[in-house]
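Enquirer: got a sequence here, can you model it:
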Amino acid sequence: MNATEPAIPQRIEALYADHHRWLLGWLYRKLGDACVADDLAQDTFVSVLKDGTAPAIRQPRPFLATIARRLIARRHRRQLLETSYLEMLAALPRELAPPPENRLLALEALQQVDRALDGLPAKVREAFLLAHLEGLRYVDIAARLGVSASSVKQYLTRANRQCLFALAL
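Expert: Okay, here's the model as predicted:
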């Protein structure tokens with residue numbers, strides 16, 4: 001870093017000061033919920049801080065919007081997983097429903113799997129979920145995804161490896 005380049009904390013502070021209000025408004029327009037928009041705006045800047053990408057940002061607003069879109073998608077996937085799980089539990093007879101603490105553990109495990117699969121292509125994630133949650137065979141998954149059974153095998157190998165790697169951390 002040369003003497004004329006501001007220190008990284010100052011760059012992040014300037015990025016936040018210059019663009020936080022804009023990002024918050026952008027998120028609110030997308031989501032319609034001020035609390036969620038505020039949380040995701042903060043998460044966006046935390047992500048920039050963790051990645052250390054602030055000094056390399058050339059166009060801050062498109063960059064921040066891209067990160068925020070990814071966070072929105074991740075949040076949406078988590079909500080879908082949780083909703084699906086809770087709907088499945090609601091369909092069970094009361095005597096077969098797991099106790100609340102087991103429900104919480106299962107939801108946390110689903111979120112951990114979701115984080116592990118984050119960043120994989122959509123077909124890889126979908127193949128994993130179809131195989132492990134719905135118990136479909138390679139042939140059935142291939143038909144649903146419009147790919148070959150050998151592609152499904154490759155997808156599942158990749159997704160399983162990703163999950164194992166995430167568990168090892």
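Enquirer: only C-alpha atoms from now on, for both contacts and neighbour counts.
Expert: OK.
Enquirer: name the residues that touch the helix or strand of the chain with the lowest mean pLDDT?
Expert: Sorting the helices and strands of the chain by mean pLDDT, DSSP states H and E puts helix 100-117 at the bottom, at a mean of 85. Helix 100-117 has contacts (C-alpha atoms under 8 Å, 6 or more residues apart in numbering) with 77-78, 81-82, 85, 125, 159, 162-163, 166.
Enquirer: narrow those to those in strands?
Expert: Within the contacts of helix 100-117, no residue falls in strands by DSSP state E.
Enquirer: ok, and the most crowded of these?
Expert: residue 159 (24 neighbours; other C-alpha atoms under 10 Å).
Enquirer: what residues are up against that residue?
Expert: With C-alpha under 8 Å, 6+ apart, residue 159 has these contacts: 117, 120, 124-125, 128.
Enquirer: tell me how far stretch 132-140 lies from the chain's centre.
Expert: Relative to its chain's centre, stretch 132-140 lies at 23 Å (C-alpha atoms, centre = their mean, to the nearest Å).
Enquirer: from residue 140, how far out is the residue most central in space within the chain?
Expert: Centroid-nearest residue in the chain, with C-alpha atoms, centre = their mean: residue 74, separated by 2.7 Å. Computed as C-alpha to C-alpha, to the nearest Å, the residue 74 to residue 140 distance reads 27 Å.
Enquirer: could you do residue 68 as well?
Expert: Residue 68 is 35 Å from residue 140, by C-alpha to C-alpha.
Enquirer: again, but for residue 43
Expert: Residue 43 is 38 Å from residue 140, by C-alpha to C-alpha.
Enquirer: what's the answer for residue 38, then?
Expert: From residue 38 to residue 140 the distance is 42 Å (C-alpha to C-alpha).
Enquirer: kindly report the same for residue 131.
Expert: 9 Å.
Enquirer: go on, residue 164?
Expert: Counting by C-alpha to C-alpha, the gap from residue 164 to residue 140 is 24 Å.
Enquirer: okay, these two: which has more neighbours?
Expert: residue 140 (16 against 12).
Enquirer: now do the longest helix seen in the chain: which elements does it pack against?
Expert: When the chain is parsed with DSSP state H, its longest helix is helix 60-91. Helix 60-91 sits against helix 8-31, helix 34-51, helix 100-117, with contacts defined as 3 or more C-alpha pairs under 8 Å, 6 or more residues apart in numbering; DSSP states H and E.
Enquirer: any chance of those in a markdown table, plus distance to residue 57 and mean neighbour count?
Expert: Shown next, in a markdown table, are those (distance: least, C-alpha to C-alpha, whole Å; neighbours: other C-alpha atoms under 10 Å):
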| stretch | distance to residue 57 | mean neighbour count |
| --- | --- | --- |
| helix 8-31 | 9 | 16 |
| helix 34-51 | 10 | 17 |
| helix 100-117 | 25 | 15 |
